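[1] Model the structure of this input:
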Amino acid sequence: MDTKHCAVDGWVDAIPTPSPRGTATFDLIVQPADIDTVDEDAPDTVVTCTSGDPRITHELLTGIQPGDLLRATGTLVQPQTPGENARLTVDALEVLDTALLPVLRDMVMDRYGDYCVIFNADTDAVPVFTALGQWVGLADNPDAIATLIDIHERVTGGDA
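    Alright, predicted model coming up:
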């Protein structure tokens, strides 16, 4: 397996997502340093990034949005199969430029103490996370949020 420690600059493609065991995952869209030498129709390179560092994970899940320009430093693993994304395990993250603030019309994020929820106008289901980005579960509707949080606190002993 071909690995290399490097820094990659790119734009965040979509909202970073929490993953199992306190990690966060996101895709960076990377363009060549000399964009003038690349064919107009050439696709951008996508690098799939993951971090388990609690500070980086917190920043990804609370402060990063699509369109932000980041420098992600870590261990890059080249894909085994052509067409797959390279994978970068991030151990340092720097925000080089921020995207314009989005105007949220159909989605609203709200906080319930140590928990965050995302209301989406297209569905009754409500994703629930801890404030640190750990996945709690999917409430069937807004009325079920309190029950889901109560179950989570009983299972974890109140550690959000």
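[2] Buried ones in the longest helix anywhere in the chain, by neighbour count?
    Of all the segments assigned as helix in the chain under DSSP state H, the longest by residue count is helix 145-156. Neighbour-count burial for helix 145-156, counted by 16 or more other C-beta atoms under 10 Å, picks out 145, 148-149, 152-153. C-beta coordinates here come from the backbone N, C-alpha and C atoms, glycine included.
[3] got a list of contacts for that helix?
    In this structure, residues lying in contact with helix 145-156 by C-beta atoms under 8 Å, 6 or more residues apart in numbering are 112, 115, 117, 126, 128, 136-137, 139, 160.
[4] and what of stretch 22-31?
    Everything outside stretch 22-31 that qualifies as a contact, by C-beta under 8 Å, 6+ apart, is 8-19, 38, 44-52, 54, 56-57, 60-61, 64, 70, 72, 85, 88, 132-134.
[5] quick one, helices of this structure?
    54-63, 145-156.
[6] Would you mind writing the CA trace of the longest one as CSV?
    The C-alpha trace of helix 145-156 is given here as CSV (Å, rounded to 0.1, in the frame of the first residue of the first chain):
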residue,chain,number,x,y,z
ILE,A,145,-36.3,13.6,20.5
ALA,A,146,-36.6,13.7,24.3
THR,A,147,-37.2,9.9,24.5
LEU,A,148,-34.1,9.2,22.3
ILE,A,149,-32.0,11.5,24.4
ASP,A,150,-33.3,9.9,27.6
ILE,A,151,-32.5,6.4,26.3
HIS,A,152,-29.0,7.6,25.3
GLU,A,153,-28.3,9.0,28.7
ARG,A,154,-29.4,5.9,30.5
VAL,A,155,-27.2,3.7,28.2
THR,A,156,-24.2,6.0,28.5
